[in-house]
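Peer 1: I need the structure of the sequence given here:
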Amino acid sequence: MLDHAESDLTTRTGFRFHVRQATPKDEAIVAEFFRHVTPEDIRFRFLSGMKAVSHERLLTMTRVDDPGIVNFLAFARDQTLLAVAMLAASEDAQRAEVALSIRKDFKRQGISWEMLAHICRYAERHNFKSIESLESRENHAAIELERDMDFQVFDAKDDPTVVVLRREFKP
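Peer 2: A predicted model of the protein is given here:
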């Protein structure tokens, strides 16, 4: 799933950044990145009350040996890591789950929108039928963003505090 993982993107506000796949060498910068993510956003990203991202999670977010998972990193021109995203394929490779985090000091610049659009294009090029995101019902910003990008909202079957947002791709 590596094709088209790398790209230069520009937000509607004109902010330019580079996206590439994470590698194991990125573990330290991803760890540093999460020191600049709000506790609430960490809770939303991992749907748990953890205070810090563990070494094991960092390894998962920087691995390249699983063809069903792509971890994307977004960098500013000065090499500041702005955002981290994951796309994980289902076993049948028909759908994928996406998760995205952004640094607190780079919010509201259109980076999340462009990153999610990039990931949707990537998923569509790799013939996924749909892409999903699990969101806390409290994460109004993410839900609004995804709804603006044609994701539909569904109740999660096992957890009333979570919603599933799904975007279907046309064949």
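
Peer 1: for the chain, which spans come out with low pLDDT?
Peer 2: Counting by pLDDT under 70, the chain contains low-confidence residues at 1-4.

Peer 1: in it, which spans are helices?
Peer 2: When secondary structure is read from DSSP state H, the chain shows helices at 27-34, 39-46, 55-62, 111-125, 140-148.

Peer 1: What lies in contact with the last one?
Peer 2: I take that to be helix 140-148. Contact partners of helix 140-148, identified using Cβ atoms under 8 Å, 6 or more residues apart in numbering, comprise 44, 100, 112-113, 116, 133, 135, 137, 153, 163, 165, 167. Every C-beta, even on glycine, is put in place using the N, C-alpha and C of the backbone.

Peer 1: Please apply the same query to the first one.
Peer 2: Outside helix 27-34, the residues that touch it by Cβ under 8 Å, 6+ apart are 22, 42, 52-53, 58-59, 61-62, 73, 81, 84, 101, 103.

Peer 1: Is it possible to mark the buried ones in those residues?
Peer 2: Buried subset of these (neighbour count, 16 or more other Cβ atoms under 10 Å): 22, 42, 53, 58, 61-62, 73, 81, 84, 101, 103.

Peer 1: can you pull the buried residues of stretch 25-33?
Peer 2: For stretch 25-33, the neighbour count (16+ other Cβ under 10 Å) marks 26-27, 29-31, 33 as buried.

Peer 1: Nearest to residue 18 among the helices of the chain would be which one?
Peer 2: The stretch from the helices of the chain with the least distance to residue 18 (Cβ to Cβ) is helix 111-125; that distance is 10.9 Å.

Peer 1: quick one, that closest one and helix 140-148 angle?
Peer 2: With axes from the mean of the first three to the mean of the last three Cα atoms, to 10 degrees as the basis, helix 111-125 and helix 140-148 are set at 40 degrees to each other.

Peer 1: got a list of what the spatially closest residue to residue 167 that is not a sequence neighbour touches?
Peer 2: Closest residue to residue 167 apart from its sequence neighbours, by Cβ to Cβ, 6 or more residues apart in numbering: residue 151 at 4.5 Å. Residue 151 makes contact with 133, 165-167 under the criterion Cβ under 8 Å, 6+ apart.
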